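Asker: model this:
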Amino acid sequence: MLTEQINPNTQDIDRLSTLEIVTMINQEDMTVAQAVQNALPQIASAIDGIVQRLTQGGRVIYIGAGTSGRLGMLDAVECVPTFGISPDLFQALIAGGDIAFTQSIEGAEDRAEDAEKDLQNISLSDTDVVIGIAASGRTPYVIGGVNYAHSIGVFTIGLSCNSPAPLLDVVDVPIAVPVGAEVIAGSTRMKAGTAQKMVLNMISTATMVKMGKVYRNLMVDLRITNEKLRRRAHDIIIYLTKLDEDAAEKLLRDADNQVKTALVMFYCNVNQESANLILKENHGFLRHIIEEPD
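Answerer: Residues are numbered from 1 along each chain as shown. Take a look at the predicted model:
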């Protein structure tokens, strides 16, 4: 496996100065973006499949072990405040259960049967999407989960940093990002982890853009859960409406702290109830409401 090979470029890393070590790591990291770029057509195909199923009421389920599983959990959790979605829409399963997010439970990744049970426990259905994440591309827990998903007609995606890899052979859309040997042999939390994070960011972000959760490049569906996000919501309204501070704050308050609703109220000169109805009629796409069609 590429991810287990010894990197000839870093064999003397333990003899270098601190600056030389971080320079060497940085040089290796520069190769990651190119590996991801090579997989863009497959990533786009995966996103299109996800959007199709989400519009039918489906969910996205990340499944992984170790670092791969933790990255899936991180992406799923961060989608909630960023895009104002239900925690049910993007979910993540990790071998060994939630405790494996903070503790290493390495043996759990070898139990393929656990993945089927975990997916059954969340009532996986054929409208959902399962994304198997495995740097090695051969983690039994991940492959077991994907095989079960396939058996009930679920759309499956596989993300591996090895190619060829068994995972890539059993999914509907295989995404290979072979980043080569790690700086520290086998430490896939490094380049492989970086590549996985980049791909998962692309998948979730582009999916949310295609679902109308973004207007221009602004997170207009954000959920205001702290002062930073309140300030961001406030600034978005000022930027798009040119209102002053007080007027923007009143508009946001009248819209029950919903940025999209506030913007429709402003542009369409309607009350909150009417604004929400307009949004529903346009499937949440703000661009359809406040700009002329292209």
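
Asker: first to last residue in stretch 205-220, what's the distance?
Answerer: 13 Å (Cα to Cα, to the nearest Å).

Asker: tell me the mean pLDDT for it?
Answerer: Average pLDDT, stretch 205-220: 96.

Asker: next one: it to chain centre, how far?
Answerer: 13 Å (Cα atoms, centre = their mean, to the nearest Å).

Asker: and Ile133, helix, strand or coil?
Answerer: strand (DSSP: H, G, I helix; E, B strand; the rest coil).

Asker: got a list of what it touches?
Answerer: Residues near Ile133 by Cβ atoms under 8 Å, 6 or more residues apart in numbering: Tyr62, Ile63, Gly64, Ser68, Gly69, Leu71, Gly72, Val142, Leu159, Gln196, Leu200. Just so you know, the C-beta spots here come from the backbone N, C-alpha and C atoms, and that holds for glycine as well.

Asker: just the element for the fourth one, please.
Answerer: In this structure, Ser68 sits in helix 66-83 according to DSSP states H and E.

Asker: can you give me the buried ones in that helix?
Answerer: Judged by neighbour count using 16 or more other Cβ atoms under 10 Å, the buried positions of helix 66-83 are 66-76, 79-80, 82-83.

Asker: now stretch 105-117
Answerer: Neighbour-count burial for stretch 105-117 flags Ile105, Ala108, Glu109, Arg111, Ala112, Asp114, Ala115, Glu116 (criterion: 16+ other Cβ under 10 Å).

Asker: got the domain ranges for the chain?
Answerer: As recorded under automatic domain parsing, the domains making up the chain are 2-210, 227-290.

Asker: between those domains, which one is closest to Asp221.
Answerer: domain 2-210 (3.8 Å; Cβ to Cβ).

Asker: picking that back up, closest to Thr31 among the contacts of Ile133?
Answerer: Checking these against Thr31 with Cβ to Cβ, the nearest one is Gln196 at 14.6 Å.

Asker: contacts only, for the residue nearest to the closest one when sequence neighbours are not counted.
Answerer: Nearest residue to Gln196, sequence neighbours excluded (Cβ to Cβ, 6 or more residues apart in numbering): Leu71, at 5.2 Å. Taking Cβ under 8 Å, 6+ apart, we find Leu71 in contact with Gly64, Ile133, Gly193, Gln196, Lys197, Leu200.
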